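Engineer: Quick one, fold the following:
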Amino acid sequence: MWNGTAKAVDAIYRQGTKTTYPLLLQGGKVARQYELDRENYVLVDHEGVIRYISDWRSNLGVRFDNHAVRQAIDQALQAIPVQEEPP
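Structural biologist: Here you go, the predicted model:
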């Protein structure tokens, strides 16, 4: 949850975690809205509801749980209503 360029996010986060899903580049404003610091991993769904937040008690190196994040993403995507195309 911080403000970074695409290059910085890629170098510092995406490559280190092997993340394949979209990442928020300018997360500082969102972090302030949810009263979070930059040392949390958070998934906010399309309605603004936090669906996943890392365990703040863990040290930063072990806070990232790719499986838990991916599972939260899958669950959040399933909650989005499917819009049917008109006939």
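
Engineer: Find the residue at the geometric middle of the chain.
Structural biologist: Central residue of the chain (Cα atoms, centre = their mean): residue 43, 3.8 Å from the mean position.

Engineer: What mean pLDDT does the host helix or strand of that one get?
Structural biologist: Element membership of residue 43, judged by DSSP states H and E, is strand 42-44. Across strand 42-44, pLDDT averages out at 86.

Engineer: Pull out the buried residues from the helix or strand following that strand.
Structural biologist: Where DSSP H and E defines the elements, the next helix or strand beyond strand 42-44 is strand 50-53. For strand 50-53, a neighbour-count test (16 or more other Cβ atoms under 10 Å) marks 51-52 as buried. All C-beta spots, glycine's among them, are computed from the backbone N, C-alpha and C.

Engineer: contacts for strand 50-53?
Structural biologist: 34, 36, 40-45, 68-69, 72, 75-76 (Cβ atoms under 8 Å, 6 or more residues apart in numbering).

Engineer: can you check stretch 17-24 too?
Structural biologist: 1, 9, 13-14, 30, 64, 66, 69-70, 73.

Engineer: from the contacts of strand 50-53, which would you call buried?
Structural biologist: 36, 40-45, 69, 72, 76.

Engineer: Pass me the low-pLDDT residue ranges in this protein, would you?
Structural biologist: Residues of the chain that meet the criterion pLDDT under 70 lie in 1-2, 56-63, 87.

Engineer: for this protein, what's the longest helix?
Structural biologist: In the chain, ranked by residue count with DSSP state H as the criterion, the top helix is helix 66-78.

Engineer: For that one, C-alpha coordinates in CSV please.
Structural biologist: Extracted in CSV, the C-alpha atoms of helix 66-78 (Å, rounded to 0.1, in the frame of the first residue of the first chain):
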residue,chain,number,x,y,z
ASN,A,66,0.2,-16.0,-2.4
HIS,A,67,-2.3,-18.8,-2.0
ALA,A,68,-4.5,-16.9,0.4
VAL,A,69,-4.4,-13.8,-1.8
ARG,A,70,-5.2,-15.8,-4.9
GLN,A,71,-8.1,-17.5,-3.1
ALA,A,72,-9.5,-14.2,-1.9
ILE,A,73,-9.3,-12.8,-5.5
ASP,A,74,-11.1,-15.9,-6.9
GLN,A,75,-13.9,-15.5,-4.2
ALA,A,76,-14.2,-11.8,-4.9
LEU,A,77,-14.5,-12.4,-8.6
GLN,A,78,-17.2,-15.0,-8.1
